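Participant: any chance you can model this:
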Amino acid sequence: MKTSKCIRTIVFIIFGISVLVGCNASETVTERSTDTEIAETVVDSDTEQAREVLETYLTALHEGRYADAAALYGGTYEALHGMNPSVDREDYSGLLTNACEFNGYQCLAVHSVTLEEAVSPTEHVFLVEFVDNNGEVFRFTPPRGSSEEPRTQFPFTVVQQNEVLQVLELPQYMS
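Facilitator: As a prediction, this is how the structure comes out:
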């Protein structure tokens, strides 16, 4: 009898957690949970959602679906407007088009996405590797005299803003 009651209680708890996660209440579950395993599951779910948004954003840029990418980008467009003063500053799709096709931003295919840090359930930092036009892992080599180091991994932050996950960075710029 006790085993049956225990199993029903566990099923009820699991069902309740899955409902909360499905309703984007993961912060509440994480804050109130004292069970480490439950908290890790919620963070994993948040991380996976953030990863999917990032991959969708970068793939949209690579494939030339700039309106789709603009819907997932939550960063500033000031630098892009500065490079393209003839494009309306509210024409986000047009600014991203010019960034990838004319301004030197590297809108390449994604090779890998690795979580660097889950800052919170609403902020994740990933390291992304890209594939260059030769099919190799893209390597950024800074101009001579630059203090930057050559690298193959590029940080991207995904945050929840107004109940929507958005990417804060543009792809790597090369002058």
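Participant: quick check: the residue positioned nearest the centre of the chain vs residue 124, distance?
Facilitator: Taking C-alpha atoms, centre = their mean, the centroid of the chain lies closest to residue 54, which sits 3.1 Å from it. From residue 54 across to residue 124, the span is 8 Å (C-beta to C-beta, to the nearest Å). Glycine gets a C-beta too; all of them are placed from N, C-alpha and C.
Participant: overlap of the contact sets of those two?
Facilitator: Shared contacts of residue 54 and residue 124 (C-beta atoms under 8 Å, 6 or more residues apart in numbering): residue 158.
Participant: tell me which helix or strand the residue nearest to the centre of the chain sits in.
Facilitator: According to DSSP states H and E, residue 54 maps onto helix 36-63.
Participant: mind giving me the packing neighbours of that helix?
Facilitator: Secondary-structure packing of helix 36-63 (3 or more C-beta pairs under 8 Å, 6 or more residues apart in numbering; DSSP states H and E): helix 2-22, helix 26-32, helix 66-72, strand 109-120, strand 123-131, strand 154-161, strand 164-167.
Participant: do you know the pLDDT at the residue nearest to the centre of the chain?
Facilitator: Note for residue 54: predicted pLDDT of 98.
Participant: with residue 47 as the reference, measure out to it.
Facilitator: From residue 54 across to residue 47, the span is 11 Å (C-beta to C-beta).
Participant: same question, residue 171
Facilitator: From residue 171 across to residue 47, the span is 21 Å (C-beta to C-beta).
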